[in-house]
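A.B. asks: Task: produce atomic coordinates for the following.
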Amino acid sequence: MTYESKWNAPFSYVDEVKPDQQDQKSRLKYGIINDDQYVYITLKTKDPTTIQNILGSGLKISFSPEGQKKEGYYLLFPVVMKEDRKALKRIDTDLPNSLGLDLLLDSYNKEALWKDKEGQHSINLVVPDGSIKSHIAMDRNGELTEQIAIPFSLMDVNTKEGSMLGVNIKVDGQSSQSGFSPRIGIGLGGGIGMGGGMGVGIGSGNGYGSRYNGNDRNVDIRLEVQLARAN
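C.D. replies: Prediction:
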């Protein structure tokens, strides 16, 4: 579907990217703004199963600049390692007021993976280098927020020329660092997914993971973004 981005001026990204659309399947809300240097995306959801999917597998946000290779660039964030899945199994079911969850999100906010024409790179999010910014958090009301900022220069996009940017937001279903398809029940909201227990199933290969992909909460949002221009 077509989405019209808004111009990022004169306000700042952190304060003003308010999601104005919602994917009905995953109940993931999204908002996109841009200036002449960055595209900014904010994602929010309170849906327990969608939160479970994002924390257990990470979100892959792919970009298809006009006239370039389809999904030639992507950001994978959060990066879910085997250790993260073990941590998820141990997290207290009292979410979102969980110290374990806070520690997990803190670890997620340290790195992301970026794929471009040179291949896949690990990005240190702790040391600001003026390029990609990415952050995930959960508030006390159980709403998960993910914010990202991608420089157009990393995608060879000239905002004066290219007006459309394909964006695909999805739970990839494959951890970037292992051969598993992590599907973790962390008991959000009581008995979500695979029962109320903690970590009651981690699917591997094409077993449980592939069946789970039929879940009606699966995140797969495809947008044709009309980039905004300065007046």
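
A.B. asks: What's the local residue count around the closest residue to residue 163 other than its chain neighbours?
C.D. replies: Closest residue in space to residue 163, ignoring its immediate chain neighbours: residue 227 at 5.6 Å, by Cβ to Cβ, 6 or more residues apart in numbering. Every residue, glycine included, has its C-beta placed from N, CA and C. Residues lying near residue 227 (other Cβ atoms under 10 Å) number 22.

A.B. asks: gap between residue 227 and residue 157?
C.D. replies: According to Cβ to Cβ, to the nearest Å, residue 227 and residue 157 sit 8 Å apart.

A.B. asks: Likewise for residue 74?
C.D. replies: Counting by Cβ to Cβ, the gap from residue 74 to residue 157 is 15 Å.

A.B. asks: picking up where we left off before, overlap of the contact sets of residue 227 and residue 157?
C.D. replies: Taking Cβ atoms under 8 Å, 6 or more residues apart in numbering as the contact rule, residue 227 and residue 157 both touch residue 165.

A.B. asks: Tell me what the residue nearest to the spatial centre of the chain is bridged to.
C.D. replies: A centroid search over the chain (Cα atoms, centre = their mean) returns residue 59, at 3.5 Å, as the residue closest to the centre. Note on residue 59: beta-bridge partners by DSSP bridges are residue 77, residue 171.

A.B. asks: Name all residues that make contact with it.
C.D. replies: 43, 76, 77, 78, 146, 169, 170, 171, 172, 219.

A.B. asks: Any stretches of this structure with poor pLDDT?
C.D. replies: Regions of the chain meeting the criterion pLDDT under 70 cover residues 10-16, 92-97, 130, 162, 172-217, 231.

A.B. asks: Do you have the helices of it handy? List them.
C.D. replies: 13-16, 48-57, 82-90, 99-108, 208-212 (DSSP state H).

A.B. asks: Quick check: which of these is buried the most?
C.D. replies: helix 48-57 (a mean of 24; mean count of other Cβ atoms under 10 Å).

A.B. asks: In terms of secondary structure, what does that one contact?
C.D. replies: helix 82-90, strand 144-151, strand 164-171 (3 or more Cβ pairs under 8 Å, 6 or more residues apart in numbering; DSSP states H and E).

A.B. asks: and that helix with helix 99-108, angle?
C.D. replies: 50 degrees (axes from the mean of the first three to the mean of the last three Cα atoms, to 10 degrees).
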